[in-house]
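Undergrad: Give me coordinates for this.
(chains A, B, C and D, ligands or ions: 8)
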Protein chains: 4
Amino acid sequence: MKILAIGDIIGKPGRRAVKELLPALKLGLGIDFVIANGENAAGGKGLTPETAEELFSCGVDVITSGNHIWAQQEIYPMLEGSAPVLRPLNYPPGVPGKGFVTVKGVMVVSLMGRTFINTIDCPFRAMDALLSSLDRKPGHIIVDFHAEATSEKQAMGWHLDGKVSAVVGTHTHVGTVDARVLPGGTACVSDIGMVGPWHSIIGDDKDEVLSRFLTGLHQRLSVAKGARITFNSVLITTDSNGRAIAIERVDREAAI
Amino acid sequence: MKILAIGDIIGKPGRRAVKELLPALKLGLGIDFVIANGENAAGGKGLTPETAEELFSCGVDVITSGNHIWAQQEIYPMLEGSAPVLRPLNYPPGVPGKGFVTVKGVMVVSLMGRTFINTIDCPFRAMDALLSSLDRKPGHIIVDFHAEATSEKQAMGWHLDGKVSAVVGTHTHVGTVDARVLPGGTACVSDIGMVGPWHSIIGDDKDEVLSRFLTGLHQRLSVAKGARITFNSVLITTDSNGRAIAIERVDREAAI
Amino acid sequence: MKILAIGDIIGKPGRRAVKELLPALKLGLGIDFVIANGENAAGGKGLTPETAEELFSCGVDVITSGNHIWAQQEIYPMLEGSAPVLRPLNYPPGVPGKGFVTVKGVMVVSLMGRTFINTIDCPFRAMDALLSSLDRKPGHIIVDFHAEATSEKQAMGWHLDGKVSAVVGTHTHVGTVDARVLPGGTACVSDIGMVGPWHSIIGDDKDEVLSRFLTGLHQRLSVAKGARITFNSVLITTDSNGRAIAIERVDREAAI
Amino acid sequence: MKILAIGDIIGKPGRRAVKELLPALKLGLGIDFVIANGENAAGGKGLTPETAEELFSCGVDVITSGNHIWAQQEIYPMLEGSAPVLRPLNYPPGVPGKGFVTVKGVMVVSLMGRTFINTIDCPFRAMDALLSSLDRKPGHIIVDFHAEATSEKQAMGWHLDGKVSAVVGTHTHVGTVDARVLPGGTACVSDIGMVGPWHSIIGDDKDEVLSRFLTGLHQRLSVAKGARITFNSVLITTDSNGRAIAIERVDREAAI
Ligand SMILES: [Fe+2]
Ligand SMILES: [Fe+2]
Ligand SMILES: [Fe+2]
Ligand SMILES: [Fe+2]
Ligand SMILES: [Fe+2]
Ligand SMILES: [Fe+2]
Ligand SMILES: [Fe+2]
Ligand SMILES: [Fe+2]
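TA: Numbers count the residues shown, from 1 in each chain, chains lettered A, B, ... in the order given. Ligands and ions are numbered 1, 2, ... in the order given. This next block holds a predicted model:
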């Protein structure tokens, strides 16, 4: 099976790039299944039903997310309903949304790290609990691990090695070169990256971000402008048991 | 000019890999100048005069560093003397060591970020101050920006665009795919990565790191074992004025 | 001289309590000078010209602040003009506002810590620079050190011992019992506390704050309701040279 | 019942002060039960069997702790055995030690906050789980909540109001003035404070701590010297059902 995992999609430029690039990629690479991180798809912060539908109509099968997924109130019904839109699994009980879903026989899990980010439940034990709760473990399980620290991300890969098909990182908006298949058959990468404006600081307007660093003040950020787009994804190839055979980066640049 | 910038070298496996791989790389790629981050070169934490000399003898011209550079007391005289061993520039006055050095006409600066790491002086203004203090600005200036957050790293690239030849990130021990030349002629990458054991979590023993995440306890970490090595670096090509023409990743795997 | 230093005033309940309690306290305790922290005076976040004037009309001489002072745009002209409304001194150049002011011969400084809060300029060296920039050092200098960590706050007291009349902490919204005069004649306390609703979590609605801790989600907070008010302040007594003779807590509870 | 809760005891000066002051306090105030935080009792970091026995021999009934309790390996058997020495309850399964104990009919719980400290299990839900696991809830339950942020500490008080006798904070080493009985009958204080050297920064050598703040380097800290001691504690009075009637601070200074 060939699974494409797309990084954080940043606002309208990100959605447009997915629309332009994804259909051809699916065809060209023979992709069977697509996940994409949607936590920044609506104006850079959160996701709405409209932006989610836009992504589904481009060929995304499951939308994963992270800390920004609750930013837009309109998404709550979709999070709580059966739509394949996920919030991180390891938030406490009572938090709206679901952390995993099975589509076309592939279980997809949204999971979030804690180091430098938030004090939520342990993502390692949340995965252990999920896996041991399954009556019949699906062959294919893909985990989007939304986290900041490279140590926590690589740790999750080793922790789940042999238990899931892939652990792919998101959140830093910058792709990493450590894509590899671990000895147990789990494909890993610390960060997929983003789909967003090239003339930017991780997708946001560079002058606004720089001003934050230069002043220490926390002004609002907006999605950067400009036609040039960075498209970051990884392609995971699995055997029929869901064991990863290969993982390779699929990075594109485009003017949209 | 062709400049190779090597990521954090992790302990003995990292030093051995540099010894094995660097000479051939220099020859094969026609490299004129080499910088390498040495903050983890001695047993994973800090640098000693012996490990520094080992790196110089392999062809490293300047050793940059980061938060761990003061871990081994023996390095202090080298930091404070004329040896091309740097500590981050933007520590407060009175901290041992120097933050920049010029070797073979290339000025190299060690700089450190603050987000998620430490409360030191502003790295953006430290660079501004350094640049405006120079009577005659060297054509080539290479900055190793040792930082955690991708936003701070890309911000530094844009801040220095057109003012230095390159801003190359270190500290996360994982290379990133965003190597690019900005419009003003500055080559950037968020993180070069590391030279260290493949069977590891960012160079450290994976069971020890995992145990930290699973228990919340802060036990000591040791450099991972195993012959397979990840070697991460970037190659920067400049014109005679020090303006970057290209930056490309040079990543290798080897058994040592 | 008798100087009263009031902690973070929280929204309308805080302002009302100052109005009710301060005039009688001034009379009863023979207070000559009053400073108060206004960073939460307007609806719990920031300060407006109206709320500032309200505090002045109650007998406050200088309004100090902290990280929230820029929350309301209307305050900018007051911060930048001659009104005795301060922002922390140790923000980078270019940030709106001033960090110190002299009123009735007393210099008041607003200063901010970094540990657990923000990556701004070093508050210790900012004070050193301010003190050495003064042609004629005023006898009375009062520093409101807005910081989280008790270690950083006590450190500032010792750092400035003998150089200023008092270093009084704010930001945690909870008063501390360590009010003391250090050997050099500087009065210190780690935190003055707040003026705000008793039925609250540090001034905010307790259910909203609890929900944050229970869910990990960052919903907005509002000022707590209820007539019962905590009023925290400290009274500093100095000799004619500005040397502190005594510091004592002045804590009141009231129904307003 | 009259229960004395003592803050973090700092090294030898702290232990000596407990020895000198506690017996008289017990007599003078008619104290029935004593808890004390021992995480810094052995040389400022951790606890040993010897220092624990020293505290028991002075009249301490239960030793609570915090993040430093595992610093000295010798304490592990005591943590895991039946001795009334606690580690925080909300560490993950598998961590050595126990989080609660019942002595003389009083259940004492050691609990730890997460904000600004560590990514462990949710302390709020850990308490909920403990309380609902009890077949017969003891009348008296005292919680030492070892945490940094005042918001998290006051939040825990409200969360447990009516469910436990008291929630007393530790960790900042500075006592707070917000001791109060909440409407449901739970006594609270954000921080008890410490028992340690007055000429110090929260118990540590002031020059060493100041040097950390001035340089950004993480050198080791040692317990401060000097005969003058701060002794911080709170006295909780309960009725026969374990409901708190009063809480008052008991702070002393002494030369030892
Ligand atoms: Fe994102
Ligand atoms: Fe995120
Ligand atoms: Fe490193
Ligand atoms: Fe580092
Ligand atoms: Fe405040
Ligand atoms: Fe504040
Ligand atoms: Fe402590
Ligand atoms: Fe502690």
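Undergrad: At the geometric centre of chain A, which residue do we find?
TA: A:N37 (3.3 Å; C-alpha atoms, centre = their mean).
Undergrad: From what I see, that one and A:V62 are in contact.
TA: No: between A:N37 and A:V62 there is no contact under C-beta atoms under 8 Å: 10.1 Å. For the C-beta atoms, the positions are set from N, CA and C on the backbone; glycine is no exception.
Undergrad: Up against chain C, what does chain A have?
TA: A:70, A:91-92, A:94-95, A:118-120, A:214-217 (C-beta under 8 Å from any C-beta of the partner chain).
Undergrad: Around A:K137, how many other residues sit close by?
TA: 14 (other C-beta atoms under 10 Å in any protein chain shown).
Undergrad: re the thing from before, kindly provide the distance from the residue nearest to the centre of chain A to ligand 1.
TA: A:N37 sits 7 Å away from ligand 1, going by C-beta to the ion, to the nearest Å.
Undergrad: Look at that residue and report its pLDDT.
TA: Listed pLDDT for A:N37 reads 98.
Undergrad: in its sheet, what does the helix or strand containing A:I35 sit against?
TA: Assessed by DSSP states H and E, A:I35 sits inside strand A:33-37. If you go by DSSP bridges, strand A:33-37 pairs up with strand A:2-9 (parallel), strand A:62-64 (parallel).
Undergrad: just the ones you listed: most buried one?
TA: strand A:62-64 (a mean of 31; mean count of other C-beta atoms under 10 Å in any protein chain shown).
Undergrad: And it, how far out from the chain middle?
TA: In terms of C-alpha atoms, centre = their mean, to the nearest Å, the centre of strand A:62-64 is found 7 Å from the chain centre.
Undergrad: mean confidence for it?
TA: 98.
Undergrad: do stretch A:100-107 as well
TA: 98.
Undergrad: That stretch: end-to-end distance?
TA: 7 Å (C-alpha to C-alpha, to the nearest Å).
Undergrad: Show me the helices in the stretch 151-256 of chain A, by range?
TA: Ranges of helices in the stretch 151-256 of chain A, per DSSP state H, counting those that start in this stretch, are A:206-215.
Undergrad: OK, now which residue of it is nearest to chain D?
TA: Of all residues in the stretch 151-256 of chain A, A:E152 sits closest to chain D, at 9.2 Å by C-beta to the nearest C-beta.
Undergrad: circling back to that earlier point, could the strands paired with strand A:33-37 go into JSON lines alongside distance to D:M107?
TA: Below are those laid out as JSON lines (distance: least, C-beta to C-beta, whole Å):
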{"stretch": "strand A:2-9", "distance to D:M107": "47"}
{"stretch": "strand A:62-64", "distance to D:M107": "43"}
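Undergrad: of those strands, which approaches ligand 6 most closely?
TA: strand A:2-9 (30.8 Å; C-beta to the ion).
Undergrad: What is the helix or strand that that closest one is followed by packed up against?
TA: Counting by DSSP H and E, the next helix or strand C-terminal to strand A:2-9 is helix A:11-29. Applying 3 or more C-beta pairs under 8 Å, 6 or more residues apart in numbering or on different chains; DSSP states H and E, one finds that helix A:11-29 contacts strand A:2-9, strand A:33-37, helix A:49-57, strand A:194-197, strand A:228-238, strand A:244-255.
Undergrad: Now do the second one: everything it contacts.
TA: Put plainly, it is strand A:33-37. With C-beta atoms under 8 Å, 6 or more residues apart in numbering or on different chains as the test, strand A:33-37 has contacts from A:1-9, A:18, A:22, A:26, A:55, A:59-66, A:103-104, A:106, A:108, A:142, A:144, A:146, A:170, A:192, A:195.
Undergrad: what's around the residue of the stretch 1-150 of chain A found nearest ligand 2, how many residues?
TA: Going by C-beta to the ion, ligand 2 is nearest to A:G66 of the stretch 1-150 of chain A, at 3.8 Å. By the criterion of other C-beta under 10 Å, A:G66 has 25 neighbours.
Undergrad: what's the helix or strand for it?
TA: Counting by DSSP H and E, A:G66 is found in no helix or strand.
Undergrad: Please tell me how far it sits from ligand 8.
TA: For A:G66 relative to ligand 8 (C-beta to the ion), the value is 30 Å.
Undergrad: Also A:T176?
TA: 35 Å.
Undergrad: Near that residue, how many other residues are there?
TA: Neighbours of A:T176 using other C-beta under 10 Å come to 29.
Undergrad: Could you list everything it pairs with in the sheet?
TA: The partner residues for A:T176, given DSSP bridges, come to B:T176.
Undergrad: how far away is A:L55 from A:S233?
TA: Here the criterion is C-beta to C-beta, to the nearest Å. By it, A:L55 lies 13 Å from A:S233.
Undergrad: Point out where chain A drops to low pLDDT.
TA: Nowhere does chain A drop to pLDDT under 70.
Undergrad: ok and the residue in it nearest ligand 7?
TA: A:T119 (19.7 Å).
Undergrad: Which helix or which strand is home to the spatially closest residue to that residue that is not a sequence neighbour?
TA: What sits nearest to A:T119 in space, not counting adjacent residues and going by C-beta to C-beta, 6 or more residues apart in numbering or on different chains, is D:R114, at 4.0 Å. Following DSSP H and E, there is no helix or strand that holds D:R114.
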